[in-house]
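Colleague: Got a predicted structure here, sequence first:
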Amino acid sequence: MTDASPSFYWLSRPGAKTPHRSWQPLSDAAYWENPNRKPDRHPLLAPPPEWADDLLRVARAVFAADRHALRERSFDRWTRHIRLSIPVTDRELWERAEPHLVMLLQNMTGDLWEIFFRALDSGTPTSEPMTAPIYELAQEVTLFSGGLDSLSWAIQRATVRTSRPLLFVSFDERNFEELQFDLYSAVERRRERPLRRLTQSQTVRGPKGARAKLERTTRSRGLLYVATAVHAAAAESVAVVHVPENGQLALNPPLSAARSGANSTRSVHPATLYRLNLLIEAVGGCVRVENPLAHQTKGEVCAAARESGLSQDVLEATLSCGAPPRRQNIQSELANCGLCYPCLVRRSGLLHAYGTDRTPYTADPWDPRLPHDRTGHWRALRRWLDAPCSAIDLVTDTPLPPDARVDTLFQVIQRGRDELRSLLRLQRRSIE
């Protein structure tokens, strides 16, 4: 059984009316967040331009709709047709930019999107700067998640000696708030410059009703993250936002046909960032989004963090898992399962940088006692490493943008495959 295309109407403010009962209302009230962290209360030191306010509103509307539209109700239990109405300051400008947004969302989520723009209601809350700023404007803006890659970039930039601040944009990771705080504190202890941190919520409230639930996949959350960082950068006149992700997982070539398309995340894929930058330019923005780790493997990212002064213990305390055990099982305190593909890449990266990985995992994928359904990523990885790989494999799933350096990106994948092969060799020695 399939539903008609879900239709969502993002309200200019909570409590406003929708035009017709066929539209499901959504608003900022869809997010669980502290009143002091709402979009109109960001601790920014200058007012954001209208296009940045609009971009953030669009991203929040998209992510809320993404969570409320269940894939299991679509004809193939995956591909959805989502209709979304969003208020913006300049309707004509956003209508001209709409093709860029639709292509971006299709690339990120694998769904069909229809976006309808309308004029922003009068009286809509807008972002306001701090009334008594105590810091000067940020010189750099970067995402900071609690993951290994963002930690590596954070320590590299925090140890640059300058009086200009570095602004971290973070989103609360449910059940991992303490981990994020500890990692930020580790960076703060070694900083050579002022640091600021902007923390937002990504937790969406479920629909009302006993049987109502949220969609488990969250393919569009990357847009929410980046739009929030771009919003801050635009307010404080920062030209570039950094989204740190190692080149292996940014490209994320599918290990098998079953992981093609949106079944593999595309949040920081070069094509995604290219389309996002086209969208920003189309709505009059002057901020560019870049991945500073695009040409590095996981192992090289770990080595850079080590050279910047972080201990192995701190790196091993990061979160890499695609399905964290602590979030799946309230009785588990572990952050990483050790079995999913991001965890396997993590293992190979730490092994490359330190010769060992002491991270506590739920299980090892080569453990013969594991049931077959828990070793799927490990078996797919081994088959992928046994098969030949060429530059063509980088574009068969998701085309690269016209400015991509294909040879350089392919070398990243090759070096990453070598790191993963080292993990396989270590596993073989351990069972001999």
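Modeller: Alright, I've got the coordinates.
Colleague: helix or strand right after the lowest-mean-pLDDT helix or strand in the chain?
Modeller: Lowest by mean pLDDT, DSSP states H and E among the helices and strands of the chain is helix 325-328, with a mean of 84. Sequence order places helix 341-354 as the next helix or strand after helix 325-328, per DSSP states H and E.
Colleague: pLDDT of that following helix, averaged?
Modeller: Helix 341-354 shows a mean pLDDT of 97.
Colleague: So which elements touch it?
Modeller: Packing partners of helix 341-354 (3 or more CB pairs under 8 Å, 6 or more residues apart in numbering; DSSP states H and E): helix 247-251, helix 298-307, helix 312-316, helix 376-386, helix 406-431. All C-beta spots, glycine's among them, are computed from the backbone N, C-alpha and C.
Colleague: Using the neighbour-count criterion, name the buried positions in the second one.
Modeller: Of the residues in helix 298-307, those with enough neighbours to count as buried (16 or more other CB atoms under 10 Å) are 298-306.
Colleague: got the CA positions of that helix in PDB?
Modeller: Below are the C-alpha coordinates for helix 298-307, written out as PDB (Å, rounded to 0.1, in the frame of the first residue of the first chain):
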ATOM      1  CA  LYS A 298      41.100   8.400   6.900                       C
ATOM      2  CA  GLY A 299      44.600   7.400   7.900                       C
ATOM      3  CA  GLU A 300      46.100  10.700   6.700                       C
ATOM      4  CA  VAL A 301      43.400  12.600   8.600                       C
ATOM      5  CA  CYS A 302      44.300  10.600  11.800                       C
ATOM      6  CA  ALA A 303      48.000  11.300  11.200                       C
ATOM      7  CA  ALA A 304      47.300  15.000  10.800                       C
ATOM      8  CA  ALA A 305      45.500  15.100  14.100                       C
ATOM      9  CA  ARG A 306      48.400  13.200  15.800                       C
ATOM     10  CA  GLU A 307      50.900  15.700  14.400                       C
END
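Colleague: Of the helices and strands packed on helix 341-354, which stretch is the most buried?
Modeller: Among these, helix 247-251 has the highest mean neighbour count (mean count of other CB atoms under 10 Å), at a mean of 25.
Colleague: Next up, the contacts around the residue nearest to residue 359 when sequence neighbours are not counted.
Modeller: Ranked by CB to CB, 6 or more residues apart in numbering and with sequence neighbours excluded, the top spatial neighbour of residue 359 is residue 316, at 4.6 Å. Residue 316 is in contact with 350, 357-359, counting by CB atoms under 8 Å, 6 or more residues apart in numbering.
Colleague: cool, and residue 383?
Modeller: Per CB under 8 Å, 6+ apart, neighbours of residue 383: 255-256.
Colleague: of all the buried residues of helix 298-307, which two lie farthest apart?
Modeller: Between any two of the buried residues of helix 298-307, the greatest separation by CB to CB is 12.8 Å, found for 298 and 306.
Colleague: any idea how far the nearest residue to residue 207 once chain neighbours are set aside is from residue 215?
Modeller: Nearest residue to residue 207, sequence neighbours excluded (CB to CB, 6+ apart): residue 68, at 6.2 Å. Counting by CB to CB, to the nearest Å, the separation of residue 68 from residue 215 is 7 Å.
Colleague: With neighbour numbers in mind, choose between those two.
Modeller: More crowded of residue 68 and residue 215, by other CB atoms under 10 Å: residue 68, with 21 against 17.
Colleague: Go ahead and confirm that one touches residue 218.
Modeller: No: using CB atoms under 8 Å, residue 68 is not in contact with residue 218; the gap is 11.8 Å.
Colleague: picking up where we left off before, and the helices and strands packed on helix 341-354: which comes nearest residue 341?
Modeller: Minimum separation from residue 341 across these (CB to CB) falls at helix 376-386, 4.8 Å.
Colleague: Now the closest one: average pLDDT?
Modeller: Averaging pLDDT along helix 376-386 yields 95.
Colleague: Return that helix as CSV; C-alpha atoms alone will do.
Modeller: In CSV, the C-alpha atoms belonging to helix 376-386 read as follows (Å, rounded to 0.1, in the frame of the first residue of the first chain):
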residue,chain,number,x,y,z
GLY,A,376,27.5,-7.9,5.5
HIS,A,377,29.7,-4.8,5.3
TRP,A,378,32.8,-6.8,6.0
ARG,A,379,32.0,-9.3,3.3
ALA,A,380,31.1,-6.5,0.8
LEU,A,381,34.4,-4.7,1.7
ARG,A,382,36.5,-7.8,1.0
ARG,A,383,34.8,-8.4,-2.3
TRP,A,384,35.3,-4.8,-3.3
LEU,A,385,39.0,-4.9,-2.4
ASP,A,386,39.5,-8.1,-4.4
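Colleague: how far off helix 341-354 does that helix point, in degrees?
Modeller: Counting by axes from the mean of the first three to the mean of the last three CA atoms, to 10 degrees, helix 376-386 lies at 60 degrees to helix 341-354.
Colleague: Tell me the buried residues in stretch 109-116?
Modeller: By 16+ other CB under 10 Å, the buried positions in stretch 109-116 come out as 109-111, 113, 115.
Colleague: Of those, which pair is most distant in space?
Modeller: So, the buried residues of stretch 109-116 by CB to CB: farthest apart are 110 and 115, at 16.3 Å.
Colleague: how about the helices of the stretch 101-250 of the chain, start to end?
Modeller: Taking DSSP state H, counting those that start in this stretch as the test, the helices found in the stretch 101-250 of the chain are 148-158, 177-189, 221-235, 247-251.
Colleague: confidence score at residue 288?
Modeller: In this prediction residue 288 is given a pLDDT of 98.
Colleague: List the contacts of it.
Modeller: Here residue 288 is in contact with 239-241, 277, 280 (CB under 8 Å, 6+ apart).
Colleague: what sits opposite it in the beta ladder?
Modeller: Beta-bridge partners for residue 288, by DSSP bridges, are residue 240.
Colleague: For the residue nearest to residue 412 when sequence neighbours are not counted, give me its contacts.
Modeller: The shortest distance from residue 412 to any non-neighbouring residue, by CB to CB, 6+ apart, is to residue 247 (3.8 Å). Neighbouring residues of residue 247 by CB under 8 Å, 6+ apart: 291, 293-297, 409, 412-413, 416.
Colleague: Looks to me like residue 274 is in a strand.
Modeller: No: under DSSP: H, G, I helix; E, B strand; the rest coil, residue 274 falls outside any strand and is assigned helix.
Colleague: Touching, it and residue 398? I think so.
Modeller: No: shown here, residue 274 and residue 398 do not form a contact pair, counting by CB under 8 Å, at 10.9 Å.
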